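S.K.: sequence and predicted structure below; questions after.
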Protein chains: 4
Amino acid sequence: MGNTFGKIFRITTYGESHGGGVGVVIDGCPPQLEISEAEIQVDLDRRRPGQSKITTPRKESDTCEIMSGVFEGKTLGTPISILVRNKDARSQDYNEMAVKYRPSHADATYDAKYGIRNYKGGGRSSARETIGRVAGGAIAKKILHQVAGVQIIAYVKRIKDIEAEVDSNTVTLEQVESNIVRCPNSECAEVMIDRIEQARKDKDSLGGVVECVARHVPRGLGDPVFDKLEADLAKGVMSLPATKGFEIGSGFAGTTMTGSEHNDEFYIDDNGDTRTVSNRSGGVQGGISNGENIVIRVAFKPTATIGKEQKTVTKDGEETSLAAKGRHDPCVLPRAVPMVEAMVALVLCDRLLYNNAQCKTLNDSN
Amino acid sequence: MGNTFGKIFRITTYGESHGGGVGVVIDGCPPQLEISEAEIQVDLDRRRPGQSKITTPRKESDTCEIMSGVFEGKTLGTPISILVRNKDARSQDYNEMAVKYRPSHADATYDAKYGIRNYKGGGRSSARETIGRVAGGAIAKKILHQVAGVQIIAYVKRIKDIEAEVDSNTVTLEQVESNIVRCPNSECAEVMIDRIEQARKDKDSLGGVVECVARHVPRGLGDPVFDKLEADLAKGVMSLPATKGFEIGSGFAGTTMTGSEHNDEFYIDDNGDTRTVSNRSGGVQGGISNGENIVIRVAFKPTATIGKEQKTVTKDGEETSLAAKGRHDPCVLPRAVPMVEAMVALVLCDRLLYNNAQCKTLNDSN
Amino acid sequence: MGNTFGKIFRITTYGESHGGGVGVVIDGCPPQLEISEAEIQVDLDRRRPGQSKITTPRKESDTCEIMSGVFEGKTLGTPISILVRNKDARSQDYNEMAVKYRPSHADATYDAKYGIRNYKGGGRSSARETIGRVAGGAIAKKILHQVAGVQIIAYVKRIKDIEAEVDSNTVTLEQVESNIVRCPNSECAEVMIDRIEQARKDKDSLGGVVECVARHVPRGLGDPVFDKLEADLAKGVMSLPATKGFEIGSGFAGTTMTGSEHNDEFYIDDNGDTRTVSNRSGGVQGGISNGENIVIRVAFKPTATIGKEQKTVTKDGEETSLAAKGRHDPCVLPRAVPMVEAMVALVLCDRLLYNNAQCKTLNDSN
Amino acid sequence: MGNTFGKIFRITTYGESHGGGVGVVIDGCPPQLEISEAEIQVDLDRRRPGQSKITTPRKESDTCEIMSGVFEGKTLGTPISILVRNKDARSQDYNEMAVKYRPSHADATYDAKYGIRNYKGGGRSSARETIGRVAGGAIAKKILHQVAGVQIIAYVKRIKDIEAEVDSNTVTLEQVESNIVRCPNSECAEVMIDRIEQARKDKDSLGGVVECVARHVPRGLGDPVFDKLEADLAKGVMSLPATKGFEIGSGFAGTTMTGSEHNDEFYIDDNGDTRTVSNRSGGVQGGISNGENIVIRVAFKPTATIGKEQKTVTKDGEETSLAAKGRHDPCVLPRAVPMVEAMVALVLCDRLLYNNAQCKTLNDSN
């Protein structure tokens, strides 16, 4: 339990940061989808370490190998296994951390739960675990685009207190990828990059907010009760490392409005479709997509592993202090952007397939 | 899919607001737990309509009947089925809403998804659906308390812009239940109640924030990757009606801190246990409970169904306007308090049982 | 766990033989299916006790009540809850069995597992538990018939050593229902009925074999590996009480043939479809339906509860003997026929919906 | 769906016979279990091709590599990924079979379901898929043995009509492994081997029955309704390639007995434990293990791929004939023995862990 996500389009990830490698098994993917390692690699490259001066310098090409499920460039309908071998594992950086718990990291809770831990790295709490998610998400995005023209674009909305104005209705992938912090507002991006570089120099770290929009999502995805679309999205992104909060549509700010201010009034558009004037619902009403843009925001805390000295304890119960060595991200947000996209894609693809199962079967028979 | 929550301690809810009744089947409950209808009724009464002047006047006693799974006052280890019949269904209030979609409600998306809808009420989107959750949560709370002394207390933290100072370490159920808005800060509570009464008079509605603390949670609950404890908590509470956001620990505010400010430093307490000085992690690190208090916050939007006139459309695609009739809550938060408690309890109980399966089996054999 | 069956079309049953009642929650049913209590009652009546002189005389009308999920005669796409109240519970028959374990019954293992047991009856091991399955199966059968014209017909193939010749390609429901033992071969049926009556007089019981055919099953249902169609069918019927074996197609007898004798050669029929000359595969190849008739057989042991005196032990570990009182079936097979049909229907319906999810999504988008 | 087995101890397999490789991800394994590649390899070697003159001569060392989840010789509690690369893939043997369907094989149904197929081999229907099961089963067996001393031994009970007398109470692994057909009755084994060699010469194939006993299984595994232990065992072994039937305990033969003959009378043994005199129940009563030996039998049809010429059709709908090339097993049973052991182990291990979750939690807290 815990390493599989989804009900119909399901991914199972495996692998520690230090060990043979990391990967994913994708089950339930429709057959006959054209897919290549190169397409998957595009998103893996957006996630990989060492991609810019504001990410960890750990050198990993993160080259993926499809082990199964694809034949002559097309999916077989059988499980797709994708493997990325670990390469640049500098375990000596972890010698001290083998006995000293990093504050606000997973070291202490892993030991408490399992009584054992791969102390040569972060184990499953390492961002390397997300390689499998991003690979699975790349396939989910392709299905969503091919079936319904869905576009999923995430971007850095805020770093610490630098918040960027971004129009989620028009933002493009090109704008997001135009700078290394992945903030489509280029002025803000510059300031953000400076702040992150400063944090690195200070042996400290920064957090912020990633926003993600999904456009052209078909109506009808999500279910009324426990599997509300916003609940699955929340679960998906809150399962990413370092997340502390989730919002959809108006989020926490919307709670200060009255109902008459907050409700999205309906109108009929030129195609005769039922639409909403505003979108404080964030594209989901009653747990089900309404065809408007889905807009969510995710809070990422500042990276726990920092070079500054902090009070901590050893696994044997002695108080001590730790200034973490190793090559860590001073801010996870630029690399978190493809991770958030992946989780949103995985949720939407799973819900799309399920919706076809339940709600099209009888209709198709008529 | 969509109507079951949990993996080991699992609840399946059923029922529309207008129809025979609503209920829950609880599967995976340990045997030999003492439980009675009266104990479950306590939480159902905190949830039911008509309990105070600031809730909907719909008259429902919500009396529960245990149909199976309990014998001579103890659980059998077999499914516990609990039924609450619907009584005060004034369907005529829904005549207009049968054709006109309520803005920001589930009417339009249900029609889009299913092509059919119980237009005599909110169907599955009705707050009546949560009866099953609250009943299941009552049992989960009892297990958690009996096994580990866990206390789960939710309360209204904010109504619109009235935010209450509450110490989550010390707040008591008695304080929460001392007023009808369920805010343990009695001064704020008075203002909140006034505001809600005013909103009702204005045929409008209000939103706010519910906070929930779980104390004495054992270390080790939750899993490293997709089933991180915060991810399951997010999924649980975001599946409640009207939720727009979720936070754990420092939440969105924590993203404006640096890592050195945000990290929770460790120390060894008098019992020799590893503890944290601060609790910005909210009781969860690396997806796993660390023994500190779990603290979450949930954003509830203002109720969608209001008496004020609003622009909308009919199911046949014509623009019109609607001033909703019927007996609706001007603010869902007082009744949402036991719902949030229930979802937190369901998640923690499920994770507790799973933890025993995976992490105790080998140890117990030694 | 243990009380839910299916992945997309899912049923969750609850209830003990003695207690408030038994029932089922059906989740994932497509919306807009016409269904009524009367239609479900047809199969419940084929299952209920007291229907003939060769079944238990326990008097239960087993009248079902739909509590949710159906509106104006059509399914809503939300969970369908169906309740049957218990009525004729003569618990005094169980006084002795409260302390003495019935040989080959569930009494002893329930006590060993749970440490508690509803000793006023068979609890979850009672055939009453199958009411929920039969109700769910009735809906599954209707979907299968409406979508693809599937016919599912089970019948008694053998009682003890009386084996009937039956042509699974042509057998009709009318033939099955033409006698109380549900064997479509009327000559054999007479002998079977005599034998069962004699067994009852002898305070003994009989077993036998139920065969089930599913005709017009679409190609492509079932999955290559763990969810092979025969594996799911086996799981489904082996979860019925009193089952000891399962066969598909040639079954155990086929293992005495050579490959060249056993293989089903292919040909092209008049419609240009790929068909097989013989059907030793039983309609499934590689775990996936091939369009031929699915034929399975299920072994039911003789009823465990008998009036003859047998050696046993008490729950306190003392050796004793027991001649069971109470009203029990001398042979479960006549009532098992609708149960087997229900399990086959539940499996096929679930697989049909899943197949639409995985294998139609991309195609439909072209 | 379809590639994951188990609920708590879960395996997900992937890989086609021709492609990068095959493997398994094992989730939910308890932490701190000592395990090595060498231990897993023992069972893989019992399964691999080319091990004797009566198996396919395909040369595969099937050397496994643990990619994750094990650290310094112990499990971490995180997913264990095990990879076996494909090596001796002689795809040219499949040129003809790319267009001609093998009778009673999965070729035609895969094409019907997915519209695509890895025609260079059997794809997921290849026995290579079972590598992941056997690897997972090796770990499950170790857990069961360490926690409860469980022994699981499978063996060939019958080849075609050559049936061996074997005492399931006393049979040893050494006896099973003492000959290449894995029948512990050495006289029968010789005849069986001769028959299989003759079948190979005849370009034909044979089927038979594998029996499996699990000894020292703790009382209480399995659940009353859908997850009866025999139902899960049936599902597990019927998901193996080429299976046509399943029996537990008295099986089909038991249906010819009367209840008074068939019931297992109870007695109290010298330890004061409740035991049964006979074991026609096969170690399971009411779906729950009773502490007696679990005994099951599985029917394997004769291998579908044979060198003899047979009538078939092409994927384009033309009638033709096929004499299969390639290196195939004339009889799968010797290699099926470790597969059956694996599936039994996977079921029992999963049920053991689940039982601890549900039934020990409250007790441990007392």
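M.R.: That came through fine.

S.K.: tell me the contacts of residue A:229?
M.R.: A:221-223, A:284, A:287-289, A:294, A:347, A:351 (Cβ atoms under 8 Å, 6 or more residues apart in numbering or on different chains). C-beta: built from backbone N, CA, C; applies to glycine.

S.K.: same check, this time on residue A:277
M.R.: Here residue A:277 is in contact with A:264-267, B:311 (Cβ under 8 Å, 6+ apart).

S.K.: so in chain A, which helix runs the longest?
M.R.: Scanning chain A for the helix with the most residues, using DSSP state H, yields helix A:333-365.

S.K.: returning to what we had before: could you pick out the buried ones from the contacts of residue A:277?
M.R.: A:264-266 (16 or more other Cβ atoms under 10 Å in any protein chain shown).

S.K.: now do the helices in the stretch 101-250 of chain A.
M.R.: Remark: helices assigned in the stretch 101-250 of chain A by DSSP state H, counting those that start in this stretch are A:107-114, A:130-148, A:173-177, A:186-201, A:229-238.

S.K.: what's across from residue A:299 in the sheet?
M.R.: Bridge pairing for residue A:299 (DSSP bridges) gives the partners residue A:209, residue A:245.

S.K.: near chain B, which residues of the stretch 1-150 of chain A? Just list them.
M.R.: By Cβ under 8 Å from any Cβ of the partner chain, the residues of the stretch 1-150 of chain A that approach chain B are A:1-5, A:7, A:13, A:101, A:103-110, A:112-115, A:123-125, A:129.

S.K.: winner for burial among the helices of the stretch 101-250 of chain A?
M.R.: helix A:229-238 (a mean of 29; mean count of other Cβ atoms under 10 Å in any protein chain shown).

S.K.: for chain C, what are the nearby residues on the stretch 151-300 of chain A?
M.R.: residue A:224.

S.K.: in the stretch 151-300 of chain A, what residue lies closest to chain B?
M.R.: residue A:286 (2.3 Å; Cβ to the nearest Cβ).

S.K.: for residue C:76, see how far away that residue is.
M.R.: Remark: distance between residue A:286 and residue C:76 (Cβ to Cβ, to the nearest Å) = 13 Å.

S.K.: any common contacting residues for the two?
M.R.: Contacts common to residue A:286 and residue C:76, judged by Cβ under 8 Å, 6+ apart, are absent.

S.K.: neighbours around the closest residue to residue A:171 other than its chain neighbours, how many?
M.R.: Leaving aside its chain neighbours, residue A:171 sits nearest to residue A:184 (5.0 Å; criterion: Cβ to Cβ, 6 or more residues apart in numbering or on different chains). Residue neighbour count, defined by other Cβ atoms under 10 Å in any protein chain shown, stands at 26 for residue A:184.

S.K.: briefly note if the helix or strand bottoming out on mean pLDDT in chain A comes near chain D.
M.R.: Lowest on mean pLDDT, DSSP states H and E among the helices and strands of chain A sits helix A:333-365, with a mean of 91. No - against chain D, helix A:333-365 shows no contacts by Cβ under 8 Å from any Cβ, the least distance being 10.1 Å.

S.K.: now that helix and helix A:130-148, what's the angle there?
M.R.: 40 degrees (axes from the mean of the first three to the mean of the last three Cα atoms, to 10 degrees).

S.K.: what's the angle from helix A:333-365 to helix B:107-114?
M.R.: Computed by the same axes, to 10 degrees, the angle between helix A:333-365 and helix B:107-114 is 60 degrees.

S.K.: what are the buried residues along helix A:333-365?
M.R.: A:333-362.

S.K.: again, but for stretch A:303-323
M.R.: Of the residues in stretch A:303-323, those buried (16+ other Cβ under 10 Å) are A:303-307, A:310, A:312-315, A:322.

S.K.: fine by me, thanks again.
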